[in-house]
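J.: Structure for the following, please:
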Amino acid sequence: ARTARPPEVPLDGVEFVPVDLRDAGAVRDFFGGVAGRYGRLDVLVNNAGGTPYRLLGEGEAERHARVVELNLLAPMTASLAAYGYLRDAHGCVVMIGSVSGGRPSPGTAAYGAAKAGLENLARSMAVEWAPEVRVNTVVLGMVRTELSHLHYGDEAGIAAVGRTVPLGRLAEPSDVGDAVVFLASERAAYVSGASLLVHGGGERPAFLDASTANKET
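T.: Numbering: from 1, shown residues only. Got it, this is the predicted structure:
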């Protein structure tokens, strides 16, 4: 049975609590506080991540290591801290991955390597933590956010990049949220260790445009 929600916690609304995901002790304290206040923990979405554009030769190893720390070690830290509470609730973990983990990522190589590791980590967690905890990954393509201009340029650049996607646009944050809600729901009760591609159809192969054969006239 579900533990009754404490009366001081609103039924609707969102509470924001900052925590440094690089500090394992602080992360454990955070989840202990969540479980203590709400009585249970049902879902963990590991969404913290990102990277600046930096070619490998333009940064020291320590700079690239910080990208790996944020995108791979932090989700592992959070998942381990949350595991006991998720196990008790038969909950689930959703990792936020990236297509960068499955293809070359020039300018964001450390990010791509971390996301490749994250997807593998999720699959291993799904086996080790079954049947009590499901673990899946949402593998994202390009998403339109407040930081899109850092990677794609102005509005014209963002629109041009969107046209390279088969569905003709970048993902909206709500597209990502809908995929996460599905994986966290009972409709995905038999889905674990999976990677759900949310990328608008992926990337058109470059050779199709370079080839001089099979062109419409």
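J.: What segments of the chain are helices?
T.: Along the chain, the stretches classed as helices by DSSP state H are 24-38, 61-68, 74-89, 109-128, 148-152, 155-162, 173-184, 206-210.
J.: Could you save those as JSON lines and add columns showing mean neighbour count and distance to residue 135?
T.: For glycine as for every other residue, the C-beta is placed from the backbone atoms N, C-alpha and C. Listed next are these as JSON lines, based on neighbours: other Cβ atoms under 10 Å; distance: least, Cβ to Cβ, whole Å:
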{"stretch": "helix 24-38", "mean neighbour count": "15", "distance to residue 135": "16"}
{"stretch": "helix 61-68", "mean neighbour count": "15", "distance to residue 135": "20"}
{"stretch": "helix 74-89", "mean neighbour count": "20", "distance to residue 135": "8"}
{"stretch": "helix 109-128", "mean neighbour count": "20", "distance to residue 135": "4"}
{"stretch": "helix 148-152", "mean neighbour count": "15", "distance to residue 135": "28"}
{"stretch": "helix 155-162", "mean neighbour count": "14", "distance to residue 135": "31"}
{"stretch": "helix 173-184", "mean neighbour count": "16", "distance to residue 135": "10"}
{"stretch": "helix 206-210", "mean neighbour count": "8", "distance to residue 135": "34"}
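J.: which one of those helices lies closest to residue 192?
T.: Distance to residue 192, taken as Cβ to Cβ, is lowest for helix 109-128 among the helices of the chain, at 4.5 Å.
J.: any idea of the mean pLDDT for the closest one?
T.: Per-residue pLDDT over helix 109-128 has a mean of 98.
J.: I'd like the helices of the chain as TSV, with distance to residue 46 appended.
T.: Formatted as TSV, the helices of the chain follow (distance: least, Cβ to Cβ, whole Å):
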stretch	distance to residue 46
helix 24-38	11
helix 61-68	14
helix 74-89	4
helix 109-128	8
helix 148-152	21
helix 155-162	26
helix 173-184	10
helix 206-210	32
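J.: mind checking which helix or strand of this structure has the lowest mean pLDDT?
T.: Lowest by mean pLDDT, DSSP states H and E among the helices and strands of the chain is helix 148-152, with a mean of 82.
J.: For the residue positioned nearest the centre of the chain, list each beta-bridge partner.
T.: Closest residue to the average C-alpha location of the chain: residue 96 at 1.0 Å, with Cα atoms, centre = their mean. Beta-bridge partners for residue 96, by DSSP bridges, are residue 138.
J.: my guess is it meets residue 70, correct?
T.: No. Contact criterion Cβ atoms under 8 Å: residue 96 and residue 70 do not qualify, at 12.0 Å.
J.: Return the residues in contact with the residue nearest to residue 72 when sequence neighbours are not counted.
T.: Leaving aside its sequence neighbours, residue 72 sits nearest to residue 114 (Cβ to Cβ, 6 or more residues apart in numbering; 4.0 Å). Residue 114 is in contact with 49, 67, 68, 70, 71, 72, 101, counting by Cβ atoms under 8 Å, 6 or more residues apart in numbering.
J.: which one of these sits closest to residue 132?
T.: Taking Cβ to Cβ as the measure, residue 72 is the one of the contacts of residue 114 closest to residue 132, at 23.5 Å.
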